[in-house]
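>>> Sequence below, structure please.
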Amino acid sequence: MALTSNMVRNKVKTIHGLFGIYVLVTLVLSAYQTLRYHVKIGGWIEYAEVVGAFATFIVFLIIVIRTEKILDSSTYRLIPITEGKLYTANIVSTIVAFLYFELLNLIFTFLLNPVSFIRGLNSTLNDTPLSILLIMVAMIFAMFVLIVALVTLMHLVNSVGTTFLPAIGQKITRVVMVVLSIVVVSYVFGGLQYLVSLIFTRTQVFNSDNGFWVATALSPVYVLALALVISAVNIYLLRNWVEIKVKAG
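Residues are numbered from 1 along each chain as shown. Purely as a prediction, here's the structure:
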C-alpha cells in the first residue's frame, strides 16, 4: 500500500503539470476565439472538450511511458518485494493517476459552463440505459489495463533484447519501441472510440439482436482476460530476464 501511494504521488505531480498546460491552452484558445469571433464565454466549454480529448490521449501516453520505465529502475526494483507486487502497484497507481486527471478535467469543464455541463450529463443519462453505461465503463477500464500491459510488454522485450545488442542497436530498438507504443495506443484508442459510437448508436437491428448485446457485455471480460495473460508474461520477464538499470552518479 505504501509503495502504491508513493507511485501515485509521483505520477500526480506529472498530472498537475500536464493539467496546467491543458488549462492554459484551453483558456488562451477560448480567449482568442472570443476576441476574434465574439464567442460567448459560455461557449468555452466546447473548446475545453476538444482540447481535453487531445490532452487525455497525451496524458495517457506519457503516464504509460513513465509506468513501463519504473519496472527496470533501481529506485523501485531494489525494494525487497516480489515482482508481482511491484507490477500490480505500478498498474494501480497508473489507473489512479489517470482517473485523477479525468476528474480534474470534469471539474474544469463544469466550471466553464455549469448549466451546459449538467444539461449534457442529464441528456446522456436519460438517453442511455444504465446497462450500456456500465458496459462502457467496464470496457474502458479493461482497455486501459490492456494498453498498459501491451506497452509494458514491448518495453520489457526491448530491455531483454538490448542486453545482447551493441550501443547503436539499442538506440534503434528504443526508437522502434517508442513508435510501436504510440501506434498501439492510437490503434486501441481508435477501436475503443468506434465501439463506443457503435453501442451508443443502438440501431433497431442491434436492439433486437440478443447475440450482439451478449457479445458486447462479455467483451470487457475477454479484454481484461487478455490483459491478465500479458501481465503474467510481463511479471515472468521482470522476474527472470530484465536487468536493473542503475542511474549513474
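>>> Just the buried residues of the strand or helix carrying Y222, please?
Assigned by DSSP states H and E, Y222 belongs to helix 210-240. Applying a neighbour-count criterion of 16 or more other C-beta atoms under 10 Å, one finds 213, 216, 219-220, 223-224, 227, 230-231, 234-235, 237-238 buried in helix 210-240. (Glycine included, C-beta is placed from N, CA and C.)
>>> Closest one of the residues you listed to F144?
A227 (8.8 Å; C-beta to C-beta).
>>> Enumerate every residue touching that closest one.
Taking C-beta atoms under 8 Å, 6 or more residues apart in numbering as the criterion, A227 is in contact with 142, 145-146, 148-149.
>>> which one of those sits closest to V64?
Of all those, V148 has the smallest distance to V64: 5.6 Å, by C-beta to C-beta.
>>> By neighbour count, which of the contacts of A227 wins?
In terms of neighbours by other C-beta atoms under 10 Å, these top out with V148 at 25 neighbours.
>>> Could you say which helix or strand holds that residue?
Using DSSP H and E, V148 falls within helix 130-162.
>>> who does the helix or strand hosting N10 touch, helix- and strand-wise?
Assigned by DSSP H and E, N10 belongs to helix 2-37. Under the contact definition 3 or more C-beta pairs under 8 Å, 6 or more residues apart in numbering; DSSP states H and E, helix 2-37 sits against helix 44-70, helix 83-112.
>>> Please state the offset of that helix from the chain centre?
With C-alpha atoms, centre = their mean, to the nearest Å as the basis, helix 2-37 stands 15 Å off its chain's centre.
>>> for stretch 175-190, same thing?
12 Å.
>>> got the contact list for that stretch?
Stretch 175-190 is contacted from outside by 57, 60-61, 64-65, 143, 146-147, 150-151, 154-155, 158, using C-beta under 8 Å, 6+ apart.
>>> next one: stretch 83-91
Stretch 83-91 has contacts (C-beta under 8 Å, 6+ apart) with 3-4, 7, 67, 70-71, 76-77, 79, 145, 148-149, 152, 231, 234-235, 238-239.
>>> repeat that with 10 Å
For stretch 83-91, the external contacting residues (C-beta atoms under 10 Å, 6 or more residues apart in numbering) are 1-8, 11, 66-71, 76-77, 79, 81-82, 144-145, 148-149, 152, 227, 231-232, 234-240, 242.
>>> Show me what counts as buried in the helix holding N10.
Neighbour-count burial for helix 2-37, counted by 16+ other C-beta under 10 Å, picks out 3-4, 7-8, 11-12, 15, 18-19, 22-23, 26-27, 30, 33.
>>> re earlier: can I get the helices and strands packed on helix 2-37 in JSON lines including mean neighbour count and mean pLDDT?
Below are these laid out as JSON lines (neighbours: other C-beta atoms under 10 Å; pLDDT from 0 to 100):
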{"stretch": "helix 44-70", "mean neighbour count": "18", "mean pLDDT": "85"}
{"stretch": "helix 83-112", "mean neighbour count": "18", "mean pLDDT": "92"}
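>>> would you turn those helices into TSV with distance to M177?
Formatted as TSV, these follow (distance: least, C-beta to C-beta, whole Å):
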stretch	distance to M177
helix 44-70	9
helix 83-112	18
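>>> Tell me which of these sits nearest to S131.
helix 83-112 (22.1 Å).
>>> The next helix or strand after the closest one to helix 83-112, inter-axis angle?
Downstream of helix 83-112, the next assigned helix or strand under DSSP H and E is helix 114-127. Here helix 114-127 runs at an angle of 120 degrees relative to helix 83-112 (axes from the mean of the first three to the mean of the last three C-alpha atoms, to 10 degrees).
>>> Nearest the geometric middle of this structure, what residue?
F60 (3.9 Å; C-alpha atoms, centre = their mean).
>>> Contacts only, for that one.
So F60 contacts 94, 97-98, 101-102, 144, 147-148, 185, 189 (C-beta under 10 Å, 6+ apart).
>>> V160 too?
Counting by C-beta under 10 Å, 6+ apart, V160 touches 72, 237, 240-243.
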